[in-house]
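Asker: Return a 3D structure for these sequence lines:
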Amino acid sequence: MDIQKLTSVTVDFDQSEIDEKIHSIRSKVNELGMATKVSWLSKAIEFLDLTTLGGDDTPATVEALCAKAVNPIKLSNYSNLHTASVYVYPLRLPDAMSALEKFDKEHKISRATVGGGFPSGQYPLETRLREVEIGVELGADEIDIVINRPLALMHQWEKLYEELKSFRTACGSKVCLKVILATGELGNLENVYKASMVAMMAGADFIKTSTGKEAVNATLPVGIVMCRAIKDYYESTKRKVGLKPAGGIKVPQEALEWMMLVQMELGDEWMTKDLFRIGASSLLDNIVEIIRWN
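Answerer: This next block holds a predicted model:
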């Protein structure tokens, strides 16, 4: 795939078609029976990147998060259920590693952090890359980095590609690289599509909607566009890239809608933790409440 050729093409999106898809997604979710919803929500826990990214995080905060990730429901018939990962700031990653060594001896849960000048991306490339290198040195299994949004807004796609390639190199081949597009700050859906394609071409394992710190975070319209990009990229390369919505996903209904979106747009092949994640903090408690009462 050629960056220059890809990004010089105008990509149009039919808003009425997007609206129709959103209506269909929500209708299908609303038609699910309670037993099916509970089953899907149990699966949603396995897709969760359980996150704490607070300036006041302490080792105790992180340990409590890890305990919740390992055993979220505390019922015997759900004893093997756990989240996909735990996400913390790099300074707290050793705390997460220590806690998970205690609670998760089989290493079922990924140890994950953020880098690349998260959440703004407005730092020199040298320091952004060093953050990723530190995450790798600390033993992270997964690292979420955020793009330099002005490069997308100014359509400097080749420069964005080169930056993201350098993050791929810094991660190496064994660490999962998730590229955050900060879609709420990209201006339009065409930019979302092109940023998605550039990130995948640069080697992203996942493309992610948001940092959770923007005014507008994960929305279904950008999810639809990102799924289209993933499909187009797969058709050209036969490489599957994952999707991670994050930011503002708090209620079970929203988790179900994202799961339905992925199933409808990408198919059952993407309904695994290797290709679909949900980044959230408070969502888990709300899911657990529904499961406990049903």
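Asker: Burial check on the residue nearest to Leu75 when sequence neighbours are not counted, number of neighbours?
Answerer: Excluding the flanking residues, the one nearest Leu75 by CB to CB, 6 or more residues apart in numbering is Arg292, at 7.3 Å. C-beta: built from backbone N, CA, C; applies to glycine. Around Arg292 there are 11 other residues, counting by other CB atoms under 10 Å.
Asker: And for the residue lying closest to Val222 once chain neighbours are set aside, the neighbour number?
Answerer: In space, and not counting its chain neighbours, Val222 is closest to Thr183: 4.2 Å by CB to CB, 6+ apart. Using other CB under 10 Å, Thr183 is surrounded by 30 other residues.
Asker: wait, what's in contact with Thr183?
Answerer: Applying CB atoms under 8 Å, 6 or more residues apart in numbering to Thr183 gives the contacts Val192, Thr209, Ser210, Val216, Ala218, Thr219, Val222, Met226.
Asker: what's the answer for Gln263, then?
Answerer: The contact partners of Gln263, by CB under 8 Å, 6+ apart, come to Trp270, Met271.
Asker: Begin at 58 from now on, thanks
Answerer: Sure, I'll start counting at 58 from here, so that last one is Gln320.
Asker: Assign a three-state SS to it, would you?
Answerer: Each residue gets one of three states, and Gln320 gets helix by DSSP: H, G, I helix; E, B strand; the rest coil.
Asker: For it, give its distance to Val279.
Answerer: Using CB to CB, to the nearest Å, Gln320 is found at 18 Å from Val279.
Asker: Tell me which other helices or strands the helix or strand hosting Glu103 touches.
Answerer: Secondary structure assigned from DSSP states H and E places Glu103 in helix 91-104. In terms of contacts (3 or more CB pairs under 8 Å, 6 or more residues apart in numbering; DSSP states H and E), helix 91-104 is packed against helix 309-322, helix 340-349.
Asker: that older thread, surely the residue nearest to Leu132 touches Lys131?
Answerer: No. Counting by CB atoms under 8 Å, Arg349 stays clear of Lys131, with 9.0 Å between them.
Asker: Please enumerate the strands of the protein.
Answerer: Using DSSP state E, the strands of the chain run over residues 105-108, 142-145, 167-172, 199-203, 233-237, 263-265, 299-301, 335-337.
Asker: Just name the most buried of those.
Answerer: strand 142-145 (a mean of 29; mean count of other CB atoms under 10 Å).
Asker: and that one, what other elements does it pack with?
Answerer: By 3+ CB pairs under 8 Å, 6+ apart, strand 142-145 packs against strand 105-108, helix 116-127, helix 150-160, strand 167-172, strand 199-203.
Asker: Only C-alpha atoms, please: export it in PDB.
Answerer: Taking C-alpha atoms only, strand 142-145 is exported to PDB below (Å, rounded to 0.1, in the frame of the first residue of the first chain):
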ATOM      1  CA  SER A 142      -5.400  -6.300  30.800                       C
ATOM      2  CA  VAL A 143      -4.700  -3.600  33.400                       C
ATOM      3  CA  TYR A 144      -3.600  -0.200  32.200                       C
ATOM      4  CA  VAL A 145      -1.600   2.300  34.400                       C
END
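Asker: Name every strand pairing with that strand and say which way it goes.
Answerer: strand 105-108 (parallel), strand 167-172 (parallel) (DSSP bridges).
Asker: quick one: which of the contacts of Thr240 has the most company?
Answerer: Most surrounded of the contacts of Thr240: other CB under 10 Å gives Met283, at 31 neighbours.
Asker: For Thr67, see how far away it is.
Answerer: Distance from Met283 to Thr67, by CB to CB: 18 Å.
Asker: can you check His164 too?
Answerer: Distance, His164 to Thr67, by CB to CB: 46 Å.
Asker: Looking at the two, which one has more neighbours?
Answerer: His164 (10 against 5).
Asker: got a list of what that one touches?
Answerer: His164 touches Leu157, counting by CB under 8 Å, 6+ apart.
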